[in-house]
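Fold the following.
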Amino acid sequence: MLSCNLNTKTNQAVLDTLDFEANLNFNEFPPTSTEKWEAVIEQDLKGKNYKKVLSWNPENELEVLPFYRSEHLRELSHFPKPVRASGNWIIFQPVLVKDIESANQTALNALQNGASGLFFYGEPDAISSASDVEQLFKDIQIDIISVKFGSEFSGKTLVEGLDALIDSRNLNQNDLEISVTRDPFLQAIFSGKLSSKDAIEKSLKALPFSLNIDLSGYANAGADIIQQSAFALAAGNEILGLLDKNTSLSFNFAMSNSYFPEIAKLRAFRLMWNQILGSYGSDGSDFLVHAETALWNKTQNDAHTNMLRATTEAMSAVLGEADSLTVFPYDQHFDEPSEFSSRISRNVQLILQEEAYFDKVADPGAGSYYIETLTEKIAEESWKLFQKIEQKGGFYECLKSGFIQDEIHKSRKQKIKAYKEKEKTLVGVNKYQPDDLIQNLEFKIQNYSSAEQNGNDFEIETIEPLNMEVELQKGDA
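You can find the predicted model right below:
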């Protein structure tokens with residue numbers, strides 16, 4: 001039997017060898033300069049310029065180098081710091097409202113199985129009275145969860161119903177996390193009818209709850225990351241100009257399948273919006289960023305791959321420090337979500353929180369050479385486009401003139417071309433398609449209309465929701 005007994009002298013010798021601080025000389029490992037790395041890369045590429053061969057463009061005007069080093073951080077103008085004390089976020093469950101009693105049961109089931117927020121969407125006429133609102137929230141404690149309503153429920157009936165519910169439960173509205181999507185600009189760009197500024201101001205001031213500015217419609221119509229961020233800044237700035245500078249706003253972004261650029265998109269937006277709020281004399285503490293998984297890149301032919309896309313999009317949202325997140329069921333864009341698909345969409349977030357511990361770290365991207373540099377680039381390009389919009393009179397005037405629509409159409413066209421020519425890949429859509437393809441695909445267009453009609457003072461150019469699978473099928477017809 002081997003004896004493990006060592007004398008004192010031997011023990012000390014062993015301890016001396018373990019004294020890394022005293023014995024290791026890190027000068028033995030001289031740093032390798034960027035120039036040396038570049039020389040090795042170009043040697044492997046047989047003399048080709050690595051920046052031309054290995055760089056890529058995940059979005060328009062956004063070039064990504066094949067590697068980044070600490071020196072890239074020294075070039076940054078922003079200082080990375082966590083936005084929140086922890087990385088926790090609110091898990092929203094989308095709840096389709098067609099029948100009030102059924103929607104109430106769906107909401108209760110979601111809350112009992114891990115959701116901490118409810119996003120109600122669906123048929124505009126489904127909520128037609130204050131009693132409908134009361135029934136919708138039967139047995140639901142609205143003071144301990146977050147609630148968000150789609151724009152189709154943003155009218156007077158909902159507001160009066162919520163007021164009555166809050167009064168009946170002796171709650172303080174200021175203590176509740178209730179937001180309503182009432183985005184007059186998004187509504188206008190899909191309907192082609194733009195209200196006057198006076199009508200928009202009157203409508204927004206009549207809303208007693210937190211106002212949600214919805215950027216998802218632009219992303220789901222083909223807008224790129226730069227455009228989404230710039231439009232968020234311009235629309236938010238326009239609304240602050242109409243309302244009080246301390247108005248509580250939230251911004252809703254759709255997350256797509258460019259993993260790292262989507263992380264950087266949310267981080268860049270926070271930097272820029274804080275700068276705008278600073279110009280209004282606000283400390284920037286009272287705004288929220290909500291994220292949801294995109295619809296434009298989801299497939300019906302190979303629907304289960306949507307689960308994988310939704311997972312990476314959810315990860316981008318969380319790592320980008322979204323305050324809350326909605327993961328849509330994998331069949332959301334072509335069918336009424338089943339109980340199974342709804343459970344899977346919720347479990348994606350629960351796994352990220354409870355098993356992957358994504359909620360334990362505040363801003364995990366801080367200090368990453370790649371993510372910090374990408375954040376800076378997106379901020380710079382978005383700010384340029386935002387300034388261009390402001391020089392043209394602001395977001396409202398750019399909607400009237402068609403500038404916003406032209407920007408989206410340009411990006412949409414480039415995106416379709418990239419997938420049609422297979423420069424970019426969507427598994428199950430333009431590569432590795434199933435043998436039996438569904439003909440005449442159905443695409444449920446998301447409802448961006450508003451229950452609060454402010455008037456039709458100006459006719460403007462419109463945009464249409466995009467689904468890449470449907471679009472590519474048109475090309476094959």
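
ok, residue 280 to residue 398 distance?
Noted for residue 280: a distance of 21 Å to residue 398, by Cβ to Cβ, to the nearest Å. Every C-beta, even on glycine, is put in place using the N, C-alpha and C of the backbone.

Compare these two (neighbour count), which wins?
residue 398 (23 against 13; other Cβ atoms under 10 Å).

secondary structure element for that one?
Here residue 398 is covered by helix 395-401, with elements defined by DSSP states H and E.

And for residue 297?
Short version: residue 297 belongs to no helix or strand, going by DSSP H and E.

okay, it: pLDDT?
Residue 297 is assigned 96 on the pLDDT scale.

And for residue 71?
Residue 71 carries a pLDDT score of 85 in this model.

pLDDT score assigned to the nearest residue to it once chain neighbours are set aside?
Closest residue to residue 71 apart from its sequence neighbours, by Cβ to Cβ, 6 or more residues apart in numbering: residue 34 at 6.5 Å. At residue 34, the model reports a pLDDT of 89.

Pull the number of nearby residues for residue 34.
Neighbour count for residue 34, taken as other Cβ under 10 Å: 14.

returning to what we had before: flag every buried residue along the helix holding residue 398.
395-396, 398-400 (16 or more other Cβ atoms under 10 Å).

Those residues into JSON lines, with extra columns for distance to residue 288 and pLDDT?
Listed next are the buried residues of helix 395-401 as JSON lines, based on distance: Cβ to Cβ, whole Å; pLDDT from 0 to 100:
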{"residue": "395", "distance to residue 288": "20", "pLDDT": "98"}
{"residue": "396", "distance to residue 288": "23", "pLDDT": "97"}
{"residue": "398", "distance to residue 288": "25", "pLDDT": "98"}
{"residue": "399", "distance to residue 288": "24", "pLDDT": "97"}
{"residue": "400", "distance to residue 288": "29", "pLDDT": "97"}
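
what stretches of the stretch 301-450 of the chain score poorly on pLDDT?
Along the stretch 301-450 of the chain, the model assigns pLDDT under 70 to residues 445, 447-450.

At which residues are the helices of it located?
For the stretch 301-450 of the chain, helices defined by DSSP state H, counting those that start in this stretch occupy the ranges 305-319, 339-354, 369-391, 395-401, 403-420.

so which of the ones you listed comes closest to residue 130?
For residue 130, the closest of those is helix 339-354, at 27.5 Å, according to Cβ to Cβ.

how long is stretch 207-222 from one end to the other?
End-to-end distance for stretch 207-222, by Cα to Cα, to the nearest Å: 30 Å.

how many other residues sit next to residue 286?
As a burial measure, residue 286 scores 13 neighbours (other Cβ under 10 Å).

right, I mislabeled it, should have said residue 199
Burial of residue 199 is recorded as 17 neighbouring residues (other Cβ under 10 Å).

Same check on the one 10 residues further on?
One way to gauge burial is a neighbour count; for residue 209, by other Cβ under 10 Å, it gives 21.

pLDDT at it, what is it?
84.

these two touch, right, residue 301 and residue 430?
No: Residue 301 is beyond contact range of residue 430, at 10.9 Å (criterion: Cβ atoms under 8 Å).

ok, those two, which is more surrounded?
With neighbours defined as other Cβ under 10 Å, residue 301 and residue 430 compare such that residue 430 has more, 19 against 15.

mind pulling up the phi and psi values for that one?
Backbone torsions of residue 430, given as degrees, to the nearest 10, read phi -120, psi 10.
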